[in-house]
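Undergrad: What follows is a predicted structure for the sequence shown.
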Amino acid sequence: MRAGLNSTFRSLEVPNYRLFAGGQLVKLVGVWMMFTAQDWLVLELSDNSPGALGMVTALQFVPVMLLTLVSGRLADRYDKRKILIVANAAFAVFAIAFAVLVTAGVVALWHVFVFALLLGIANAVETPVRQAFVSELVELRLLPNALALSAATFNMARISGPALAGVLLAVLSTPGVFLISTVLAVAPVFTYIRMRQAELHRSERKPGAAPARVIDGLRYVGKRHDLLLPICLMAMIGMIGFNFPVTLAALAKINFNAGPSTFGLLTTALAIGSLGGALAGTRRRSRPGVYLVIGAALLFGVFEFLVGFAPNFVVAALLLVPTGFFSIYLAQGANHRVQMGVDPEFRGRVMALYVLVFLGTTPIGATLAGWWGEHYGVPSSIWAAGLISFVAAVGALIWQLRVSGDRFEVRGLRVRLVSASTEPSSSPSPAPAPSGASPASAVPGQREKGGVRGHAEPVANPTGPVAHV
């Protein structure tokens, strides 16, 4: 058991990663407290309007659409740690100013819209840089574990933040929650400053290398089907299926008449499942197979569809646990597949593209979810999102089968994947290098002893969620 725990948390043995994870946990608890209180505030100021809630969420993510690719270029060109210090400091300043308005009792709905946009700008710069920075905190063999623990940290905060906010909303009211959350938001500034720069795993920029251009990153992804498929899948599901900040807040308050103390519990239920999904990936040591990602997407769509038909608060909360599990298992698997298959010199721009399609499409999805909920009911916006996510996963499966030449073979009640590859599908070895290439060059981003497979890898046997498809 102790060996299993050591395996699960092995990245925390790295001092810089401990600082990173600790700072993120403290900040994100505060962020989720603030977002929960903000949702309650918006519904109070707008007379329970799902449309207003959707507008706030959209404004938080509009900057992601506009700035993320530029941020990825900065991540490939400049010191990521310094960019993160500036971005987190800006976020803290905006959060403090917002809290002052709320505490003074002069806040209006348009103030919430403005600060949602400002906080979104800080996040648009910070998120892709932070995603790429994880690869500098640990050596390559620990990268899957570090990414999984980062997802677990996020979901620990998503569990504790809304639950804590619910208690504090009842005890201290909205201003008290905002004040506490702003204090917590400052934490990453200090943890990034304390990091040991000499222990960062940085890739030296090649002398005479061309400047990092956004268009080069887009062309790179366009030539890589193994990167393009998970990015396209997450674009659709991120836009339509991941609008829980809008739908769950409205469902709790409007449909289930939740009070301040129980308002955030649906989000907490979703986050409990998400934490399980994140921890399920902490022992991963290699790049996840494409069918694992698609299988998680299929099951996520099914459970989100069921949430839309939940007859009461308790049933909705229970269904949100597996929904949360497969949401993060999917997002984490897609993230790992992209991160571990990309060349280091393109990592910042490729991860920026991933963040753009995953989070940058939220303004469209959140606005649509809010409009749909206002006109046709919040539950229908949830089951429709689940149905569309399921269809997107089926489309990705068909795409992968056509490109790879793989097929599914049905024998009785058993479904088996028949790989078109001439190599055994369970082989952990990377595909042979193209003619004239060295073995190392066949694997993008591979360091010595890394063991990361590239885009020519054979398809892995289906495991995890896909075994149930």
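TA: Now that the structure is in, tell me what you want to look at.

Undergrad: Show me what counts as buried in the lengthiest helix in the chain.
TA: Using DSSP state H, we find that the single longest helix of the chain is helix 15-45. Judged by neighbour count (16 or more other CB atoms under 10 Å), helix 15-45 contains these buried residues: 16-17, 19-21, 23-43. (Each C-beta comes from the backbone N, C-alpha and C, glycine too.)

Undergrad: again, but for stretch 311-328
TA: 313, 316-317, 319-328.

Undergrad: try stretch 81-95
TA: 81, 83-85, 87-92, 94-95.

Undergrad: Make TSV from the residues you listed and add secondary structure to it.
TA: Formatted as TSV, the buried residues of stretch 81-95 follow (DSSP: H, G, I helix; E, B strand; the rest coil):
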residue	secondary structure
81	helix
83	helix
84	helix
85	helix
87	helix
88	helix
89	helix
90	helix
91	helix
92	helix
94	helix
95	helix
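
Undergrad: quick one: the residue nearest the centre of the chain from residue 14, how far?
TA: Computing the C-alpha centroid of the chain and ranking residues by CA atoms, centre = their mean puts residue 331 first, at 5.7 Å. According to CB to CB, to the nearest Å, residue 331 stands 23 Å off from residue 14.

Undergrad: From residue 350, how far off is the residue nearest to the centre of the chain?
TA: For residue 331, the distance to residue 350 - CB to CB - is 16 Å.

Undergrad: what residues are up against residue 239?
TA: 361-362, 364-365 (CB atoms under 8 Å, 6 or more residues apart in numbering).

Undergrad: The helix or strand containing residue 398 packs against which elements?
TA: Following DSSP states H and E, one finds residue 398 within helix 378-404. Judged by 3 or more CB pairs under 8 Å, 6 or more residues apart in numbering; DSSP states H and E, helix 378-404 is in contact with helix 225-240, helix 244-250, helix 290-307, helix 362-376.

Undergrad: Now distance to residue 54 and mean pLDDT too, for the ones you listed, in CSV please.
TA: As requested, the helices and strands packed on helix 378-404 are arranged in CSV below (distance: least, CB to CB, whole Å; pLDDT from 0 to 100):
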stretch, distance to residue 54, mean pLDDT
helix 225-240, 13, 90
helix 244-250, 5, 80
helix 290-307, 17, 94
helix 362-376, 2, 82
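
Undergrad: Contact partners for residue 387?
TA: Contacts of residue 387 by CB under 8 Å, 6+ apart are 301, 305.

Undergrad: now do residue 269
TA: Taking CB under 8 Å, 6+ apart as the test, what residue 269 contacts is 316-318, 320-321, 324.

Undergrad: That one belongs to a helix?
TA: Yes: assessed with three-state DSSP, residue 269 lies in a helix.

Undergrad: Next one, pLDDT for it please.
TA: pLDDT recorded at residue 269 is 86.

Undergrad: Sketch out the low-pLDDT regions of the stretch 351-469 of the chain for me.
TA: Within the stretch 351-469 of the chain, the ranges that satisfy pLDDT under 70 run 360, 421-469.

Undergrad: Relative to residue 20, how far out is residue 100?
TA: Applying CB to CB to residue 100 and residue 20 gives a distance of 29 Å.

Undergrad: Can you tell me the number of residues neighbouring the nearest residue to residue 143 once chain neighbours are set aside?
TA: In this structure, residue 143 finds its nearest non-sequential neighbour in residue 135, 5.9 Å apart by CB to CB, 6 or more residues apart in numbering. Other residues lying near residue 135 total 26 when counted by other CB atoms under 10 Å.

Undergrad: likewise residue 330?
TA: Neighbours of residue 330 (other CB under 10 Å): 30.

Undergrad: Repeat that for the one 5 residues further on.
TA: Burial of residue 335, expressed as a neighbour count using other CB under 10 Å, amounts to 27.

Undergrad: If we ignore the residues flanking it in sequence, what's nearest it?
TA: Nearest one to residue 335, counting by CB to CB, 6+ apart, is residue 147 at 6.3 Å.

Undergrad: what residues are up against that neighbour?
TA: 134, 281, 332, 335-336, 339.

Undergrad: hmm, which two among those residues are most spread apart?
TA: By the measure CB to CB, 134 and 281 form the most distant pair in these, at 13.7 Å.

Undergrad: Now the helix or strand encompassing residue 116: buried residues?
TA: Assigned by DSSP H and E, residue 116 belongs to helix 109-137. Within helix 109-137, the residues scored as buried using 16+ other CB under 10 Å are 111-113, 115-137.

Undergrad: got the angle for that helix vs helix 15-45?
TA: Interaxial angle of helix 109-137 relative to helix 15-45 (axes from the mean of the first three to the mean of the last three CA atoms, to 10 degrees): 160 degrees.

Undergrad: Alright, calling it a day.
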